[in-house]
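# sequence and predicted structure, then a few things I'm wondering about:
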Amino acid sequence: MSPVASVTADKRFRRARVKPAQKRQRRRWRGLFRPLLVYGLVVAALAFGCYRVSIGAAQAHVLKVDRIVVRGNERLSKGEVLAVLNGLRGESLVWTDLDAWRRKLLASPWVGDAALRRSLPSTVEVVISERQPVGIGRINSDMYLVDDRGVIIDQYGPQYTDLDLPIVDGLSASPNDSPTMTDEIRAELAARLIAAIKAKPAIARRLSQIDVSDAHNAKIILSGDPAVIQLGDDQFLPRLESYLQLAAALRERVAEIDYVDVRFEDRIYVRPSSAPLRLRQGKPASAPSAIRRDKPALRRGKPAGKR
């Protein structure tokens, strides 16, 4: 046997298979993992402690809703608002769902918008924005307060006789819909007319009745003047003012006027109670409006149509 072969076969001369670089890497990861684990446990313990503290604080008597402050209500009484919020008092100020309570308030016809805010230690502040009635809608012979979108606020009654509002006819929606549903387009026409005439308070105070049965031709009656005035669907105030400027002259020529059509720039059409009369040039307007002249009944506190 050669000396070289014997040395190679002898196990004492074999190099051990070790990887010192891998061992150093494991030690480095262990050195990083242990502090991270400790920090994670500390953070988890703190979070759990904070959670338990918040639960305890929320359940404490001092953070339960004990007082409800209501602002912005005029027609709605504070008692009516609190009746809608029945159950809020005594709930946790921290965890109670104010959005859910707000939705309950918005279900009230008088409430157009509402905001609820927490106020430490035990108060909920409620700010109400009420709907503003612009007219008294006559729907299926019943009278309702309606806002500028045609939303029915409440049935008209003696408690609202202090509201000097015009009667609005023609708001009813399709007969296939709810009997108390209003047509949004006609309601919008009436709201635009009322808003335009409000620019002249002296004229607005005379606005007695509105008929929006024709969505393109609003008709009105002024107090102290039985004539039905057709105003179209825009330029309401200029057209009405043009009629008022000529009203005295018209009365001299026609004692009893059924309706006046002022939708045209250079002419006015007048229909006497017996026969049509054409002023300036043009043809007589269409058939007279079916609007009823019964605003005085409302001013006496008696709903029109139920005499």
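Here it is on my side, so go on.

# and the strands in the chain, which stretches?
67-71, 111-119, 123-130, 135-139, 142-146, 152-155, 167-169, 207-211, 218-222, 225-232, 257-261, 269-272, 277-278 (DSSP state E).

# give me the neighbour count for residue 213.
16 (other Cβ atoms under 10 Å). In this view, the C-beta of every residue, glycine as well, is placed from N, C-alpha and C.

# my read is that residue 207 contacts residue 196, right?
No. The criterion here is Cβ atoms under 8 Å, and residue 207 misses it with residue 196 at 10.5 Å.

# pLDDT weak spots in the protein?
Scanning the chain for pLDDT under 70 picks out 1-34, 36-39, 48-62, 174-180, 274-307.

# and if we set it to 50?
1, 7, 276-290, 292-293, 295-307 (pLDDT under 50).

# look at residue 207 and residue 196 and report which has more neighbours.
Neighbours per residue, other Cβ under 10 Å: of residue 207 and residue 196, the larger number sits with residue 207, 22 against 18.

# give me every residue that touches that one.
With contact set as Cβ atoms under 8 Å, 6 or more residues apart in numbering, residue 207 has these partners: 166, 194, 197, 220, 222, 223.

# the first one and residue 210 touch, don't they?
Pointing back at residue 166 there. Yes. Residue 166 lies in contact with residue 210 (Cβ under 8 Å); the separation is 5.3 Å.

# now do the shared contacts for those two.
Joint contacts of residue 166 and residue 210 (Cβ under 8 Å, 6+ apart) are 135, 194, 220.

# which residues does residue 221 form a beta bridge with?
residue 209 (DSSP bridges).

# adding distance to residue 201, write the strands of the chain out as JSON lines.
Listed next are those as JSON lines, based on distance: least, Cβ to Cβ, whole Å:
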{"stretch": "strand 67-71", "distance to residue 201": "29"}
{"stretch": "strand 111-119", "distance to residue 201": "24"}
{"stretch": "strand 123-130", "distance to residue 201": "22"}
{"stretch": "strand 135-139", "distance to residue 201": "17"}
{"stretch": "strand 142-146", "distance to residue 201": "21"}
{"stretch": "strand 152-155", "distance to residue 201": "23"}
{"stretch": "strand 167-169", "distance to residue 201": "19"}
{"stretch": "strand 207-211", "distance to residue 201": "11"}
{"stretch": "strand 218-222", "distance to residue 201": "14"}
{"stretch": "strand 225-232", "distance to residue 201": "17"}
{"stretch": "strand 257-261", "distance to residue 201": "22"}
{"stretch": "strand 269-272", "distance to residue 201": "27"}
{"stretch": "strand 277-278", "distance to residue 201": "32"}
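
# number of nearby residues for residue 44?
10.

# for residue 197, that is, sorry about that
What residue 197 shows, counting by other Cβ under 10 Å, is a neighbour count of 23.

# how much space separates it from residue 205?
Distance of residue 197 to residue 205, computed by Cβ to Cβ, to the nearest Å: 10 Å.

# which of the residues in stretch 112-129 are buried?
For stretch 112-129, a neighbour-count test (16 or more other Cβ atoms under 10 Å) marks 112, 114, 116, 124, 126, 128 as buried.

# so which of those residues is the closest to residue 260?
residue 112 (36.1 Å; Cβ to Cβ).

# check contacts around the residue nearest to that closest one when sequence neighbours are not counted.
Closest residue to residue 112 apart from its sequence neighbours, by Cβ to Cβ, 6 or more residues apart in numbering: residue 131 at 4.4 Å. Contact analysis of residue 131 by Cβ under 8 Å, 6+ apart lists 109, 110, 111, 112, 147, 151, 153.

# wait, doesn't the first one sit right on residue 154?
When you say that, I think you mean residue 109. Yes. With contact defined as Cβ under 8 Å, residue 109 reaches residue 154; the gap is 6.1 Å.

# so where do the helices sit in the stretch 51-200 of the chain?
Ranges of helices in the stretch 51-200 of the chain, per DSSP state H, counting those that start in this stretch, are 78-84, 98-106, 184-197.

# hey, which of these is tucked in deepest?
Mean neighbour count, computed with mean count of other Cβ atoms under 10 Å, is highest for helix 184-197 among the helices of the stretch 51-200 of the chain, reaching a mean of 20.

# what is the end-to-end distance of stretch 199-213?
24 Å (Cα to Cα, to the nearest Å).

# can you check stretch 127-142 too?
32 Å.

# show me what the nearest residue to residue 155 once chain neighbours are set aside bridges to in the sheet.
Counting by Cβ to Cβ, 6+ apart, the nearest residue to residue 155 once its immediate chain neighbours are dropped is residue 144, at 5.6 Å. Beta-bridge pairing for residue 144 (DSSP bridges): residue 137, residue 155.
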